[in-house]
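Student: this is the structure alone, sequence omitted:
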């Protein structure tokens, strides 16, 4: 893939699936030379969780002195539990890295291992510079990129067809027209898991990407100042669109990724036509279909364009999912990260998560049309922004996400949303 213009320190999120199964324990280096490391990942069930167990086992087979204990942390709880563990000095050795402002804060606190000189030549040969830039801060690499996770709308081709929709919407006006057609079929046009806040906030993020220029978004990432008029326009756009009632009934109390009643579950069971989400969504949807297999009629299209906005057409939001080593992790941690970046492991990762790998050789194994469409949109995008809550850091990002939900719930308005973001920025 070509190098991307990413917001500083970008890396996804992600967002995928999940639940805490155990607490971490410090890595151990016994006198007999054996090393034990803990790994926190966020896939609670199915192929995703099995990938990490298999990767740890196969690494142990090749490196008998190294044992990796895989622990599952529920996705929505991960950031808070990880920060607590890092601050207490009892962090896992290996863990999912969101990137952006969250990663920058960890670097500033001295909590991450510098991987710059620890990336193998084989890894560099198969992973683009752009992917490593998304894990770079202050000129150093702090995480191993694993998966390309841009966002967009994942939809059921069958549900679209039954509503008489023959092609994916290219503009917001097209999307509004399709919402009307879908309502007539009795199916929820758009699934939204606003209970978890961030899925609802993604709608604001995307309207912002269409209203704000890349330069403005980068300046706000640094200044945390939302005074540019484009931010208010984006909030107004979302309020207007939400007024068309495009989301599932009870979206404010619907979770995103847990169970058949979640937003992903609604799409998986043809109870909703589409969902705005990152490229981890196909794997989540697959885990929630009746047979727990990939949805055969799943499709993807980029977020529609918006007339009159300052965002460059084709710009996309998302980034790269990565894994970091804690500052106190043994040197074998970097060896494991190189191992899971290998073509063999990246191919297994893609098959487990149903999301595009960063390894260019492993990308050749991608067969699903919707994932090819994801890669095509990502590779041709003139500008790629990281998720706003990741860029802004945990405190400001969480406040922004809650402010979006408050507006959708009728507790606030566009001006109140922007004020909440600015107020959170002032508190730091």
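Tutor: All right, it came through fine. Here the structure is a predicted model, which means the values were calculated and not measured. Numbers count the residues shown, from 1 in each chain.
Student: what packs against the longest helix along the chain?
Tutor: Assignment by DSSP state H gives helix 46-62 as the longest helix of the chain. Counting by 3 or more Cβ pairs under 8 Å, 6 or more residues apart in numbering; DSSP states H and E, the packing neighbours recorded for helix 46-62 are strand 35-41, strand 66-72, helix 281-288, helix 332-340, helix 343-353. C-betas here are computed from N, CA, C, even on glycine.
Student: so which of the ones you listed gets nearest residue 406?
Tutor: Smallest distance to residue 406 across these (Cβ to Cβ): 24.8 Å, for helix 281-288.
Student: helices or strands up against the closest one?
Tutor: For helix 281-288, the elements it packs on are helix 46-62, strand 151-156, helix 263-268, judged by 3+ Cβ pairs under 8 Å, 6+ apart.
Student: any idea of the angle that helix forms with helix 343-353?
Tutor: Using axes from the mean of the first three to the mean of the last three Cα atoms, to 10 degrees, one finds that helix 281-288 and helix 343-353 are set 60 degrees apart in direction.
Student: list the strands paired with the next helix-or-strand element following helix 281-288, with their directions.
Tutor: Counting by DSSP states H and E, the next helix or strand C-terminal to helix 281-288 is strand 298-301. If you go by DSSP bridges, strand 298-301 pairs up with strand 151-156 (antiparallel).
Student: shaky segments in the protein?
Tutor: Flagging of the chain using pLDDT under 70 yields the residue ranges 1-32, 428.
Student: just the strands in it please.
Tutor: For the chain, strands defined by DSSP state E occupy the ranges 28-29, 35-41, 66-72, 94-97, 136-137, 140-141, 144-148, 151-156, 188-191, 272-278, 298-301, 316-317, 320-325, 384-385.
Student: got the ones you listed as TSV, with mean neighbour count and distance to residue 220 columns?
Tutor: Formatted as TSV, the entries for these read as follows, by neighbours: other Cβ atoms under 10 Å; distance: least, Cβ to Cβ, whole Å:
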stretch	mean neighbour count	distance to residue 220
strand 28-29	14	44
strand 35-41	23	30
strand 66-72	20	34
strand 94-97	28	22
strand 136-137	22	18
strand 140-141	17	24
strand 144-148	29	24
strand 151-156	26	19
strand 188-191	26	27
strand 272-278	27	21
strand 298-301	21	27
strand 316-317	24	14
strand 320-325	29	21
strand 384-385	26	10
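Student: how about those in JSON lines, adding distance to residue 409?
Tutor: Compiled in JSON lines, the strands of the chain are given as follows (distance: least, Cβ to Cβ, whole Å):
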{"stretch": "strand 28-29", "distance to residue 409": "48"}
{"stretch": "strand 35-41", "distance to residue 409": "32"}
{"stretch": "strand 66-72", "distance to residue 409": "31"}
{"stretch": "strand 94-97", "distance to residue 409": "30"}
{"stretch": "strand 136-137", "distance to residue 409": "35"}
{"stretch": "strand 140-141", "distance to residue 409": "41"}
{"stretch": "strand 144-148", "distance to residue 409": "33"}
{"stretch": "strand 151-156", "distance to residue 409": "23"}
{"stretch": "strand 188-191", "distance to residue 409": "16"}
{"stretch": "strand 272-278", "distance to residue 409": "18"}
{"stretch": "strand 298-301", "distance to residue 409": "28"}
{"stretch": "strand 316-317", "distance to residue 409": "23"}
{"stretch": "strand 320-325", "distance to residue 409": "30"}
{"stretch": "strand 384-385", "distance to residue 409": "26"}
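Student: out of the helices and strands packed on helix 46-62, flag the one nearest residue 100.
Tutor: Of all those, strand 35-41 sits nearest to residue 100, with 18.4 Å by Cβ to Cβ.
Student: now the angle from the longest helix of the chain to helix 281-288?
Tutor: In terms of direction (the same axes, to 10 degrees), helix 46-62 departs from helix 281-288 by 110 degrees.
Student: just the angle for helix 46-62 relative to strand 66-72, thanks.
Tutor: 170 degrees.
Student: enumerate the positions of helix 46-62 that are buried.
Tutor: Residues of helix 46-62 classed as buried: 46, 47, 48, 49, 51, 52, 55, 56, 59 (neighbour count, 16 or more other Cβ atoms under 10 Å).
Student: and the furthest pair within these?
Tutor: Pairwise distances across the buried residues of helix 46-62 (Cβ to Cβ) peak at 20.8 Å, for the pair 46 and 59.
Student: on that earlier part again, make a markdown table out of the helices and strands packed on helix 281-288 and add distance to residue 358.
Tutor: Below are the helices and strands packed on helix 281-288 laid out as a markdown table (distance: least, Cβ to Cβ, whole Å):
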| stretch | distance to residue 358 |
| --- | --- |
| helix 46-62 | 15 |
| strand 151-156 | 16 |
| helix 263-268 | 23 |
